[in-house]
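> Sequence and predicted structure, then a few things I'm wondering about:
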Amino acid sequence: MKLRIVIVAALGLALGLYLVMYVGLGAVFSAAVSVGWSGFAILCLYALGLFVVLGAAWHVLLPDSSRAGLWVFVRARMVRDSAAEVLPFSQLGGIVLGARAAILQGVSSPLALASTIVDVTTEMLAQIAYIALGVLIFSTRAPRTSFGLSLMTVFVIGLVLAAVAGGLFLALQRYGQWVTRKLAARLFPDAVAATATVAAGLDAIYRSRVRVVLSLAIHFAGWITSAIGTWIAFRLIGARADLAAVMAIESLVYATRSAAFLIPNALGVQEAAYAVLAPLFGVGAEFGLAVSLLKRARDIAVGVPILLIWQAMEGQRALAGRPSGNH
């Protein structure tokens, strides 16, 4: 692990611990444990169900001739998100492992890479729309204080920059073939020979605009579904936050996480966002931090078994490919 990653992760963890101590260790943990084992199980099962939505958004991009089933991409998406949330990687690391998981299940390398790039794109565009919804709710619900207005300005500027970045990323995929080859090689360097066909795969996917729009729509539904899961978490710990408020909080928390994509697992960043945003919608900071800790615990409880299963698959593949020795 690079020293830079260790330092950044340590600083993020220190910030998260400071926020918990500042708000009140007892209050935060009391709210978190009030969910109980049954409530925590509900959150974990809900997260597993969300993978079906995310896998479907990826799967619809593929042509019918691929013969890859929905569950291939549900499982690959499980690996992708689990790696991003549990392992000390940036979000890019999770994307790489997700593409590899699809390949291990029989998807060709060019198709896995091309579909991964487009899936990341449609998810990003859907997130921009989701953030726009959050900003709209924030503008009507947040207090008209100097801090609230300043925060509103920051989020609007961030939204505009994100929209520009999303448009440029999409344009480069469609018209910048050299960028496509470089991106594919970066995502999956072991398959450099296959990256020459990734551009053709991207063109084939983008030619079906219906599939791309459908993927974007499913991803947007996935963001809303995720917000409903967070609303359930708030209700389980006794916070009386309505769904619209939680959608605004969640969209802006994930906007903050995306801006800090180089920080492993968004350590500290997620906690700071919840601690700042929750009180603006009438929810105590201790409840926001409690939900953040519950989501961390849920990601570990769901992600670790998924990664262990995936590692076993990798091990079996390595053993199968190893030539037998003479006895």
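Received it, and whenever you're ready, just let me know what you need. These numbers come from a predicted model, not from an experiment.

> Who's the closest spatial neighbour of residue 260, skipping the chain neighbours?
Of all residues not flanking residue 260 in the chain, residue 269 sits nearest, at 4.3 Å (C-beta to C-beta, 6 or more residues apart in numbering). C-beta: built from backbone N, CA, C; applies to glycine.

> Nearest the geometric middle of the protein, what residue?
residue 81 (6.1 Å; C-alpha atoms, centre = their mean).

> Against residue 229, how distant is it?
Distance of residue 81 to residue 229, computed by C-beta to C-beta, to the nearest Å: 13 Å.

> about what we covered before: the residue nearest to the centre of the chain in helix, strand or coil?
Here residue 81 takes the helix state, with states given by DSSP: H, G, I helix; E, B strand; the rest coil.

> State the distance from it to residue 137.
25 Å.

> burial count for the nearest residue to residue 35 once chain neighbours are set aside?
Spatial nearest neighbour of residue 35, excluding adjacent residues (C-beta to C-beta, 6+ apart): residue 236 at 4.6 Å. Residues lying near residue 236 (other C-beta atoms under 10 Å) number 20.

> Would you confirm that residue 236 contacts residue 46?
No - Residue 236 lies out of contact with residue 46 (C-beta atoms under 8 Å); the separation is 10.8 Å.

> ok, now which ones touch residue 169?
121, 124 (C-beta atoms under 8 Å, 6 or more residues apart in numbering).

> so which helix or strand takes in it?
helix 146-175 (DSSP states H and E).

> re the thing from before, residue 55 is in contact with the residue nearest to the centre of the chain, correct?
No - using C-beta under 8 Å, residue 81 makes no contact with residue 55, being 10.3 Å away.

> same for the host helix or strand of residue 302, what does it pack against?
Per DSSP H and E, residue 302 falls inside helix 285-321. Contacts defined by 3 or more C-beta pairs under 8 Å, 6 or more residues apart in numbering; DSSP states H and E place helix 285-321 against helix 3-23, helix 25-33, helix 36-59, helix 70-86, helix 91-104, helix 209-236, helix 269-280.

> for the longest one, which positions count as buried?
When you say that, I think you mean helix 209-236. Neighbour-count burial for helix 209-236, counted by 16 or more other C-beta atoms under 10 Å, picks out 211-212, 214-216, 218-220, 222-227, 229-234, 236.

> centre of the chain versus that helix, how much separation?
Chain-centre distance of helix 209-236: 12 Å, with C-alpha atoms, centre = their mean, to the nearest Å.

> elements contacting it?
helix 36-59, helix 109-141, helix 198-207, helix 243-259, helix 285-321.

> got the buried residues for the second one?
Along helix 109-141, these residues count as buried under the neighbour rule (16+ other C-beta under 10 Å): 109-135, 137-138.

> the inter-axis angle of that helix versus helix 36-59?
Angle, helix 109-141 to helix 36-59, by axes from the mean of the first three to the mean of the last three C-alpha atoms, to 10 degrees: 120 degrees.

> pLDDT (mean, whole number) over helix 109-141?
Per-residue pLDDT over helix 109-141 has a mean of 91.

> got a list of what the residue lying closest to residue 105 once chain neighbours are set aside touches?
Distances taken as C-beta to C-beta, 6+ apart place residue 72 nearest to residue 105, at 4.6 Å, with adjacent residues excluded. Counting by C-beta under 8 Å, 6+ apart, residue 72 touches 59, 102, 105-107.

> neighbour-wise, which of those leads?
residue 102 (27 neighbours).

> for that residue, what are its contacts?
Contacts of residue 102 (C-beta under 8 Å, 6+ apart): 68, 72-73, 76, 112, 115-116.

> do you know how far it is from residue 54?
Applying C-beta to C-beta, the value for residue 102 to residue 54 is 13 Å.

> again with residue 239
26 Å.

> since we're on residue 316, how many residues are nearby?
By other C-beta under 10 Å, 11 other residues sit near residue 316.

> Okay, now the unreliable bits of the stretch 51-200 of the chain?
For the stretch 51-200 of the chain, applying pLDDT under 70 flags the ranges 65, 88-91, 175-196.

> Equivalent analysis for the stretch 201-327 of the chain, please.
261, 317-327.

> please redo it, this time with the cut-off set to 80
259-268, 313-327 (pLDDT under 80).

> Could you find the closest non-adjacent residue to residue 68?
residue 107 (5.2 Å).

> That neighbour in helix, strand or coil?
coil.

> Reformat the helices and strands packed on helix 285-321 into JSON lines and put distance to residue 154 next to each item.
Formatted as JSON lines, these follow (distance: least, C-beta to C-beta, whole Å):
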{"stretch": "helix 3-23", "distance to residue 154": "18"}
{"stretch": "helix 25-33", "distance to residue 154": "26"}
{"stretch": "helix 36-59", "distance to residue 154": "28"}
{"stretch": "helix 70-86", "distance to residue 154": "25"}
{"stretch": "helix 91-104", "distance to residue 154": "21"}
{"stretch": "helix 209-236", "distance to residue 154": "20"}
{"stretch": "helix 269-280", "distance to residue 154": "11"}
